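Engineer: coords please:
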Amino acid sequence: MLGEIVRLRCVSFYVLVIVLLSACGMVTERSVYEGIRAQQKIRSEGHVTKQLPDYDTFNKEREEISPRR
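Structural biologist: Have a look, this model is predicted:
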C-alpha cells in the first residue's frame with residue numbers, strides 16, 4: 001500500500017517535470033520576432049538603419065493593416 005503511494009507520487013512528479021520542461025522550449029511568434037530583431041540590431045551596429053519596433057508595436061500595426069476575422 002505504501003509502495004503504491006510512493007510510486008504514484010514519483011510518477012506524478014515525473015509528469016510534472018516533463019510538462020514544465022516542455023514549456024521551456026515553446027516557440028512563439030514573439031520569440032521568433034524578437035530573435036530577428038536582435039540579429040538586425042547586432043548587424044546594424046555602426047550603421048544608421050531603421051530599427052524594427054518591439055513585438056507589441058509590430059503586432060498592433062499588423063492588426064490595423066489586416067484585422068483578423
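
Engineer: what residues does the helix ranked longest in the chain touch?
Structural biologist: Counting by DSSP state H, the longest helix found in the chain is helix 2-24. In this structure, no residues lie in contact with helix 2-24 by C-beta atoms under 8 Å, 6 or more residues apart in numbering. Every C-beta, even on glycine, is put in place using the N, C-alpha and C of the backbone.

Engineer: any idea how far that helix is from the chain center?
Structural biologist: 24 Å (C-alpha atoms, centre = their mean, to the nearest Å).

Engineer: what is the burial count for residue 44?
Structural biologist: If you count neighbours by other C-beta atoms under 10 Å, residue 44 ends up with 13.

Engineer: so which elements touch the helix or strand encompassing residue 35?
Structural biologist: In this structure, residue 35 sits in helix 29-43 according to DSSP states H and E. On a contact count with 3 or more C-beta pairs under 8 Å, 6 or more residues apart in numbering; DSSP states H and E, helix 29-43 meets helix 55-65.

Engineer: alpha carbons of the helix it packs on, as PDB, please.
Structural biologist: Below are the C-alpha coordinates for helix 55-65, written out as PDB (Å, rounded to 0.1, in the frame of the first residue of the first chain):
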ATOM      1  CA  TYR A  55       6.700  43.000 -30.800                       C
ATOM      2  CA  ASP A  56       3.700  44.700 -29.300                       C
ATOM      3  CA  THR A  57       4.000  47.700 -31.600                       C
ATOM      4  CA  PHE A  58       4.600  45.400 -34.600                       C
ATOM      5  CA  ASN A  59       1.500  43.400 -33.700                       C
ATOM      6  CA  LYS A  60      -0.600  46.500 -33.300                       C
ATOM      7  CA  GLU A  61       0.400  47.800 -36.700                       C
ATOM      8  CA  ARG A  62      -0.200  44.400 -38.300                       C
ATOM      9  CA  GLU A  63      -3.700  44.200 -36.800                       C
ATOM     10  CA  GLU A  64      -4.500  47.700 -38.100                       C
ATOM     11  CA  ILE A  65      -3.400  46.700 -41.600                       C
END
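
Engineer: okay then, goodbye and thanks.
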